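*Asks:* Any chance you could fold what I've pasted below:
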Amino acid sequence: MLVIGALRPIMRLTRIEDKAYAAFEKVRASGLAAPKMIVFGSHKLLEVGELAYPFAGRGKALVLMGGRSARHFGGFDRLATILDRYRIAVEVFEGISREPTIEIVNRAAEQARRLRPDAVISLGGGSVIDTGKAVAALAVNPGSVEDYLEGVGRGFTISQSPLPHIAIPTTAGTGSEMTKNAVICSPEAGYKKSMRDERMIPTAALIDPELSITVPPHVTAFGGMDALTHLIESCITTKRRAEVSDLALEALRNLQLGLSVAYEDPGNLPARERMSYISAVSGVCLANAGLAMAHGIAAALGALYDVPHGLACAALLPHSLRYNAVACREELGEALAAFLNQSAPEESSIDEGLAAIESLARWLQIPTDLKFLNLKEDDLRRLAHASMGSSMSTNPVPMTAEKVLEFLKLIA
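*Replies:* Here you go, the predicted structure:
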């Protein structure tokens with residue numbers, strides 16, 4: 001177990017585990033926002049009882065999950081058995097969709113308020129973990145989640161610190177276990193907005209790559225391209241920081257190998273370890289340096305047209321980077337050189353890197369533009385206006401809805 005602020009434990013580590021702990025120590029040394037406790041490595045789910053006991057020993061925990069597959073493949077039975085040994089009673093909220101909605105989060109929050117658990121444990125992908133962050137906060141604070149959402153809510157802020165929250169990702173890509181915001185969707189109103197507070201960073205992140213072995217290839221692909229987008233965009237935003245870029249560049253050097261093997265050979269545990277490390281680092285990067293246009297538009301595509309987030313990021317990323325290159329050529333060159341595993345940026349790194357991203361997307365059977373959606377001009381105009389969220393505010397090239405519309409016309 002790594003406790004941020006303490007020394008790494010003496011243990012026998014795999015090469016990727018060693019790389020992950022080295023990255024997490026850099027996070028601690030740099031004072032970057034991240035969970036206080038990080039446990040990383042295959043079979044580390046076995047340590048969840050030790051992790052949860054200080055918060056919920058002889059008490060109760062609310063466990064949040066996605067669909068039925070979480071019970072069959074996502075480690076729930078093992079989780080419940082381990083917690084029972086520590087005298088921690090478990091109540092479950094399940095059925096969290098690909099995009100957590102206001103209705104789902106409010107139902108989970110009401111269950112938490114009735115149960116009054118000692119801790120919240122989220123076991124699943126980014127949507128489940130985002131729900132866990134919101135529920136841990138809403139369990140001890142009044143109102144609907146909508147009241148707290150940026151730009152559309154009633155301006156509510158968290159007064160009581162959230163319940164302890166242990167985030168256990170079963171996919172690799174979102175990095176949600178490392179961040180302070182919960183992205184919530186309203187299909188009716190056509191938006192995805194964040195509930196955000198520094199105290200919403202999970203108390204602990206337990207990252208066991210073994211839990212991602214059963215993830216289908218297309219989910220592996222979407223998650224990997226989401227992480228790729230986090231890593232590159234965090235290097236070029238207007239909030240970029242040298243210590244964040246250093247973490248991102250090292251993770252980028254590992255991405256093509258990790259993603260291609262995990263996609264082609266889902267049971268390959270070293271590849272899953274590599275992707276879990278990349279995902280966690282990408283979460284730290286987005287939390288501490290922000291994102292850019294690809295993520296801004298991807299969020300709107302998910303809200304308006306139910307496009308999977310990683311697919312949207314993959315389709316948008318090379319085009320948005322090409323558009324932004326004029327404002328961040330040096331930083332973009334460094335990021336793409338790392339992605340290409342070049343020892344240093346070259347004159348051709350940007351062009352080669354963008355071509356490599358498009359080639360990777362095609363190999364993963366992901367569209368390389370938005371033409372597959374058959375959007376009309378009115379659709380594009382609505383999409384452009386819905387894209388003007390927090391990610392767009394840190395784009396290297398300052399954007400307006402009209403500029404986003406002109407960009408979208410080129411790729412849709």
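*Asks:* tell me the secondary structure for the residue positioned nearest the centre of the chain?
*Replies:* Central residue of the chain (Cα atoms, centre = their mean): T174, 2.1 Å from the mean position. Put simply, T174 is coil when judged by DSSP: H, G, I helix; E, B strand; the rest coil.
*Asks:* ok, it - contacts?
*Replies:* By Cβ atoms under 8 Å, 6 or more residues apart in numbering, the contact list for T174 reads G125, G126, I129, G223, D226, A227, S279, G283, H309. Using the backbone N, CA and C atoms, a C-beta is placed for each residue, glycine as well.
*Asks:* list the helices and strands the helix or strand containing A315 packs on?
*Replies:* Assigned by DSSP states H and E, A315 falls within helix 309-324. Secondary-structure packing of helix 309-324 (3 or more Cβ pairs under 8 Å, 6 or more residues apart in numbering; DSSP states H and E): helix 217-236, helix 293-305, helix 329-339, helix 349-363, helix 401-411.
*Asks:* at 6 Å what do you get?
*Replies:* For helix 309-324, the packing partners by 3 or more Cβ pairs under 6 Å, 6 or more residues apart in numbering; DSSP states H and E come out as helix 217-236, helix 293-305, helix 349-363.
*Asks:* for those helices, which one ends up most surrounded?
*Replies:* A comparison of the helices and strands packed on helix 309-324 by mean neighbour count, using mean count of other Cβ atoms under 10 Å, puts helix 217-236 on top with a mean of 27.
*Asks:* returning to that earlier point: would you mind giving the helices and strands packed on helix 309-324 as a markdown table with mean pLDDT and distance to S186 added?
*Replies:* Shown next, in a markdown table, are these (pLDDT from 0 to 100; distance: least, Cβ to Cβ, whole Å):
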| stretch | mean pLDDT | distance to S186 |
| --- | --- | --- |
| helix 217-236 | 98 | 21 |
| helix 293-305 | 96 | 7 |
| helix 349-363 | 98 | 29 |
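*Asks:* Let's have the ones you listed in a markdown table, adding distance to F76.
*Replies:* Formatted as a markdown table, the helices and strands packed on helix 309-324 follow (distance: least, Cβ to Cβ, whole Å):
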| stretch | distance to F76 |
| --- | --- |
| helix 217-236 | 18 |
| helix 293-305 | 26 |
| helix 349-363 | 33 |
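*Asks:* Between the ones you listed, which one is closest to A139.
*Replies:* Smallest distance to A139 across those (Cβ to Cβ): 25.5 Å, for helix 293-305.
*Asks:* what sits up against that closest one?
*Replies:* Contact partners of helix 293-305, identified using Cβ atoms under 6 Å, 6 or more residues apart in numbering, comprise 99, 185, 190-192, 229, 307, 309, 312-313, 316-317, 320, 383, 386-387, 389, 391-392, 395.
*Asks:* That helix vs helix 401-411, what angle?
*Replies:* Computed by axes from the mean of the first three to the mean of the last three Cα atoms, to 10 degrees, the angle separating helix 293-305 from helix 401-411 equals 80 degrees.
*Asks:* mind saving the C-alpha coords of helix 293-305 as PDB?
*Replies:* Provided in PDB are the C-alpha atoms of helix 293-305 (Å, rounded to 0.1, in the frame of the first residue of the first chain):
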ATOM      1  CA  MET A 293     -11.200  20.700 -27.100                       C
ATOM      2  CA  ALA A 294     -11.500  17.000 -27.800                       C
ATOM      3  CA  HIS A 295     -12.800  16.400 -24.300                       C
ATOM      4  CA  GLY A 296     -15.100  19.400 -24.500                       C
ATOM      5  CA  ILE A 297     -16.800  18.100 -27.600                       C
ATOM      6  CA  ALA A 298     -16.800  14.500 -26.500                       C
ATOM      7  CA  ALA A 299     -18.700  15.400 -23.400                       C
ATOM      8  CA  ALA A 300     -21.400  17.100 -25.500                       C
ATOM      9  CA  LEU A 301     -21.500  14.100 -27.900                       C
ATOM     10  CA  GLY A 302     -22.200  11.800 -25.000                       C
ATOM     11  CA  ALA A 303     -24.900  14.000 -23.600                       C
ATOM     12  CA  LEU A 304     -26.700  14.700 -26.900                       C
ATOM     13  CA  TYR A 305     -26.200  11.600 -29.000                       C
END
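*Asks:* Quick one: distance of that helix to the chain centre.
*Replies:* 15 Å (Cα atoms, centre = their mean, to the nearest Å).
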